[in-house]
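> attaching a predicted model along with its sequence, questions to come.
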Amino acid sequence: MRKIAKNTLAQDVTLQTLEDAAKRLSNWGKWGPEDELGTLNYISSGDIIVAAALVRKGKAFSLGLDFNQNGPQNTGWGGRFNPIHVMLATGTDAVAGRQEAGKLRYADDMVSMPLQCGTQWDALGHIFYGEKMWNGYDARLVDSTGAKKNSIEKTRAKMIGRGVLLDIPRLLGGDYLEDGYGISNDELDRCAKAQGVEIRRGDFVIVRTGQMEQRLEQKDWGTYAAGPAPGLRFETCEWIHDHQIAAICADTWGCEVRPNESTVAFQPWHWIVIPMIGITMGEIFYLKDLAADCAEDGVYEFLFCAPPLPITGAVGSPINPMAVK
């Protein structure tokens, strides 16, 4: 695979930088004091109708990883682990006669997993800025019983609209970006222009770095979870805010470039985009098949649909996102 070498990043995201960005880019109150949807409010019914018309060849792409013990959570960051799948009843039970009392032969199973261990949405209650979360709600409203505000089930009917893929390594002539490569505002704009696609208000923007494909090809996740990664520079907070997109997604563990552009904050981009701008974030998206098809037909827009599991009070949800062309 052809690698795009990492570029030079300035370690300049200070606490003052964060404070300034939080004030400048805040959308608190934009949709009223009770809002819990953030930038998903940008999606109108007309936008969904337009997005549905993008289905021209009836081809669907799953953007979700399989949920199994071979997933990317091999470092245990934040207590996360790969899904544990257990059978409660099996065909061997049935054939062995262990189910005769129930007069039904069947299989049944269960799974235990962190809600953000694979392809997933970060809810607006996932990240706090100081003691506040999206729209100024008190962080203490997320307690041991779950989130009383900004929980994922509030978005259950909102994750549908126009999707746009921005294929950054293809723009730059490679297959994947090296860990530590920071994607700039200019590169996002150049990519859209090169692909002949316009970024519009209410879009679901999906950024491909190629990192996941590189790890899958080498059959080793390595430090994919919480380790060095290509991703969006801190400056893209401005791009996201100015373009009024509905959601941002990527094929990496955390969307933003790692190591971070800060020595004083972990995931500083998260500090701004989720609690201040109010954008729902999709992570660990599988993009290989969609990217190949977009490159083949030159069409980088599609109907996107990725409803969360409506888990009451959750601050994230596993998903199987779909792009339909």
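Received the coordinates, thanks. Note that the structure is predicted; figures quoted are calculated from it, not measured.
> quick one: the helices in the stretch 101-250 of the chain?
168-171, 185-195, 211-218, 236-243 (DSSP state H, counting those that start in this stretch).
> return the most buried member of the ones you listed.
Across the helices of the stretch 101-250 of the chain, averaging neighbours per residue (mean count of other CB atoms under 10 Å) puts helix 168-171 on top, at a mean of 22. Backbone N, C-alpha and C define where each C-beta goes, glycine included.
> identify all contacting residues around it.
By CB atoms under 8 Å, 6 or more residues apart in numbering, the residues outside helix 168-171 that reach it are 4, 175-177, 183, 187-188, 190-191, 194-195, 207-210, 291, 295.
> wait, doesn't residue 325 sit right on residue 299?
Yes. Applying CB atoms under 8 Å, one finds residue 325 in contact with residue 299, separated by 6.3 Å.
> give me the more crowded residue out of these two.
Neighbours per residue, other CB atoms under 10 Å: of residue 325 and residue 299, the larger number sits with residue 325, 20 against 17.
> ok, the more buried one - contacts?
With CB under 8 Å, 6+ apart, residue 325 has these contacts: 54-57, 59-61, 293, 297, 299, 302-303.
> also residue 133?
124-125, 127, 139, 141-142, 149-150, 275.
> relative to residue 151, how far out is it?
11 Å (CB to CB, to the nearest Å).
> tell me how many other residues crowd the nearest residue in space to residue 319 that is not next to it in sequence.
Closest residue in space to residue 319, ignoring its immediate chain neighbours: residue 306 at 4.9 Å, by CB to CB, 6 or more residues apart in numbering. Neighbour count for residue 306, taken as other CB under 10 Å: 26.
> OK, contacts around residue 306?
63, 121, 159-160, 204, 282, 319-322.
> could you redo the last one with a cut-off of 6 Å?
By CB atoms under 6 Å, 6 or more residues apart in numbering, the contact set of residue 306 is 159, 319, 321.
> just put these in CSV and tack on neighbour count.
Below are those laid out as CSV (neighbours: other CB atoms under 10 Å):
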residue, neighbour count
159, 23
319, 22
321, 25
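> restricted to strands, list the residues you listed.
Within the contacts of residue 306, no residue falls in strands by DSSP state E.
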